[in-house]
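[1] Following is a predicted model, sequence given first.
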Amino acid sequence: MSRRRRVSTKNEEKMLVELKKELGPQLIEGYVQRPRRIHIKVNPGAHRKAIEFMRDKWDVWHVSTITGIDLGEKIEVIFHMWKFKEPQTAILVRTEVPKSEPKLETVTDIVPASNFYEREVHDLLGVVFEGHPNLERIVLPDDWPEGVYPLRKDWQPPE
Amino acid sequence: MSLVRIPVGPQHPALHEPENFTIEVEGETVVDVKVRIGYVHRGIEKGLESRTYVQGIFLSGRICGICSNCHTTTYAMTVEEAGGIEVPEKANYIRTIISELERIHSHLLWLGAAGLEIGFETMFMYVWRDREVVMDLLEAISGNRVNYAINIVGGVRRDITPELAKEIRKGLDYLEERTNYYKKLCFEETTIRKRTEGVGVLDTVTARKLGAVGPTARGSNVKFDVRKDDPHLKYDEAEFELITWDTCDTFARIVVRILEVLESIKIVRWCLDHMPKKGDIRPQKIIRRVPEGEAYGRFECQRGELVYFVKSDGSDKPYRVKVRTPTMANILSVPELLKGGYIADVPIALASIDPCFACEDRITFVDVEKERKWTWTKEQLRKYAMEFNRREGRW
């Protein structure tokens, strides 16, 4: 095993316990995948609480990106947070929204770096981030038809 | 004074990533900047979903020409983690060597281009001449000058022989000598200092809040390097320093990149010293199917933190691949960086984040009050910038 590679997940487990305590029943599941990778799944809406808690408690300002995944009936949104301070860890906050009404509250007021990533998920998967200051087109062309979301599984590129 | 809106971009025939910046100016001073990206959105995430892992690795390399190796490495690493695929030790050394050589080539490319932006064309000529050395090394290892395509899922395509290692060391000695010269030049040459000091300032707190990455963040004194914080490949063992600079301006970004080239040379040498002489570099059989799983991969690309998220479902195609390139993270900082500066400093301040700078080629100036329109090419803007700086005695 490498010299400096951390193998213990003690710190991550401790952080997960703190998150569980803070979120209570709002946290659906949480696990430590490996050193520096914590996954938590929360109810829609509770993602704000989770991210705000991380920012205030652990100084987590860095949003690496936001991933949207089409799961069929639902769309999963993953916020990839990165904790700068020791022990450094990536925390993946997941939440699911129904595809029929994909609405989620924005986190731009908590962590401004999420601004463009929310716009990207909105553009490509149609998740509406409520309260976003400027939820306009970002990657698709201006003349792209409304209501067509290319990263959803039911969309296929034209032949 | 009237507010004038200047659309910068989006067309640029020579470099990648066209972008559009609408810059609002009052006199010479930039008041606000609006960014519109997406002109080269090619749907690669969707493309990766509909291609096999074997094909996907080559498609991911096409995301960017300058950092093609970062993309294939991160894609391979993330897929391997999602599927629990073991990588031979020697392959990790080769991946590290290619990644660092690529960083050297990219930083030198940027340094030359930055020289061009500030009108220091001699530096551009010298740096690009020296960059050929590292391009030749990359070609000798991988067979290609640009899209190295060294990675496959589970390993690498080509081995580094002892003779090749000797050649790499020779090339590194030359590059080290030249880079030390550029370091000296950067601190002593007034042309560079006067044109870059205090230009495009991004303070530490803003850089952190807006999620700046790579040399842009490190130039703003943010200690953020994925190679140190979230070690992958051989970076946890290799000896190197995390470079930061505290002046937070364009000059800081130049210094960080030059010093990082020297660190990269150290890492490549370390890898050559410690690389196992024998051993596999790839699995015996091509891996077509990847077991179900998901992984979140991070990599320190030359422009900053590169992020991949892969969800596999047991078939030969990924269910979802998410890519976030470093420029996407840095673009949010651009308005902050330009605000309060001069129009003449827009080219170098924009270029200082190394955004595959795409935009400055055709600029339409619109005077809102007089409804007058005219167009400047990049050359005209550069000429204007030089005349302005000469007039202001900054050159």
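    Done, it's in.
[2] for chain A, what spans make up the strands?
    Using DSSP state E, the strands of chain A run over A:27-34, A:37-42, A:62-70, A:74-83, A:89-98, A:103-105, A:128-130.
[3] looking at the ones you listed, which is closest to B:Thr325?
    strand A:62-70 (9.7 Å; Cβ to Cβ). All C-beta atoms are positioned from the backbone trio N, CA, C, and that covers glycine.
[4] Which strands and helices lie in contact with the closest one?
    strand A:74-83, helix A:115-125, strand B:304-312, strand B:318-324, helix B:326-331 (3 or more Cβ pairs under 8 Å, 6 or more residues apart in numbering or on different chains; DSSP states H and E).
[5] Neighbouring strands - and their directions - for it?
    According to DSSP bridges, strand A:62-70 forms sheet pairs with strand A:74-83 (antiparallel).
[6] Please point out which parts of the strand it pairs with sit buried.
    Residues of strand A:74-83 classed as buried under the neighbour-count rule (16 or more other Cβ atoms under 10 Å in any protein chain shown) are A:75-83.
[7] which ones are touching A:Glu13?
    Shown in contact with A:Glu13 (Cβ atoms under 8 Å, 6 or more residues apart in numbering or on different chains): A:Val32.
[8] Those residues of the stretch 151-300 of chain B touching chain A, which are they?
    B:208-211, B:223-224, B:229-231, B:236-237, B:296, B:298 (Cβ under 8 Å from any Cβ of the partner chain).
[9] In ChimeraX, how would I select the buried members of those residues?
    Buried residues within those, by 16+ other Cβ under 10 Å, are selected in ChimeraX with:
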select /B:208,209,210,211,224,229,230,231,296,298
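[10] for the residues of the stretch 151-300 of chain B next to chain A, which one is nearest chain A?
    Chain A lies nearest to B:Gly211 out of these, by Cβ to the nearest Cβ, at 3.0 Å.
[11] confidence score at that closest one?
    Looking at B:Gly211, its pLDDT is 85.
[12] Now do the spatially closest residue to it that is not a sequence neighbour: how many residues are near it, please.
    Leaving aside its sequence neighbours, B:Gly211 sits nearest to A:Ala113 (Cβ to Cβ, 6 or more residues apart in numbering or on different chains; 3.0 Å). By other Cβ atoms under 10 Å in any protein chain shown, 23 other residues sit near A:Ala113.
[13] got it, and B:Thr247?
    Applying other Cβ under 10 Å, we find 16 residues neighbouring B:Thr247.
[14] In the stretch 201-350 of chain B, where is pLDDT below threshold?
    Scanning the stretch 201-350 of chain B for pLDDT under 70 picks out no residues.
[15] can you rerun that using 80?
    By pLDDT under 80, the weakly predicted segments of the stretch 201-350 of chain B are B:343-350.
[16] Provide the secondary structure category for B:Gln284.
    Under DSSP: H, G, I helix; E, B strand; the rest coil, the three-state class of B:Gln284 is coil.
[17] which residue does the stretch 1-150 of chain B bring closest to chain A?
    Taking Cβ to the nearest Cβ, the stretch 1-150 of chain B has B:Gly38 as its residue nearest chain A, at 3.7 Å.
[18] Pull the number of nearby residues for that residue.
    A count of nearby residues for B:Gly38, using other Cβ under 10 Å, gives 19.
[19] Tell me how far it lies from A:Arg119.
    The gap separating B:Gly38 from A:Arg119 is 10 Å, by Cβ to Cβ, to the nearest Å.
[20] still on that earlier bit, adding mean pLDDT as columns, could you present the strands of chain A in JSON lines?
    Converted to JSON lines, the strands of chain A look like this (pLDDT from 0 to 100):
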{"stretch": "strand A:27-34", "mean pLDDT": "87"}
{"stretch": "strand A:37-42", "mean pLDDT": "90"}
{"stretch": "strand A:62-70", "mean pLDDT": "90"}
{"stretch": "strand A:74-83", "mean pLDDT": "91"}
{"stretch": "strand A:89-98", "mean pLDDT": "91"}
{"stretch": "strand A:103-105", "mean pLDDT": "90"}
{"stretch": "strand A:128-130", "mean pLDDT": "90"}
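[21] and those, which is most packed in?
    The highest average neighbour count among those, using mean count of other Cβ atoms under 10 Å in any protein chain shown, belongs to strand A:62-70 at a mean of 25.
[22] what's the angle between it and strand B:318-324?
    Orientation check (axes from the mean of the first three to the mean of the last three Cα atoms, to 10 degrees): strand A:62-70 against strand B:318-324 gives 150 degrees.
[23] Quick one: residues contacting B:Leu233.
    Contacts of B:Leu233 by Cβ under 8 Å, 6+ apart are B:73, B:77, B:92, B:95-96, B:99.
[24] If we use 6 Å, what do you get?
    By Cβ atoms under 6 Å, 6 or more residues apart in numbering or on different chains, the contact list for B:Leu233 reads B:92, B:95-96.
[25] and the residues you listed near chain A, which?
    For chain A, no contacts are drawn from these by Cβ under 6 Å from any Cβ of the partner chain.
[26] number of nearby residues for B:Tyr182?
    24.
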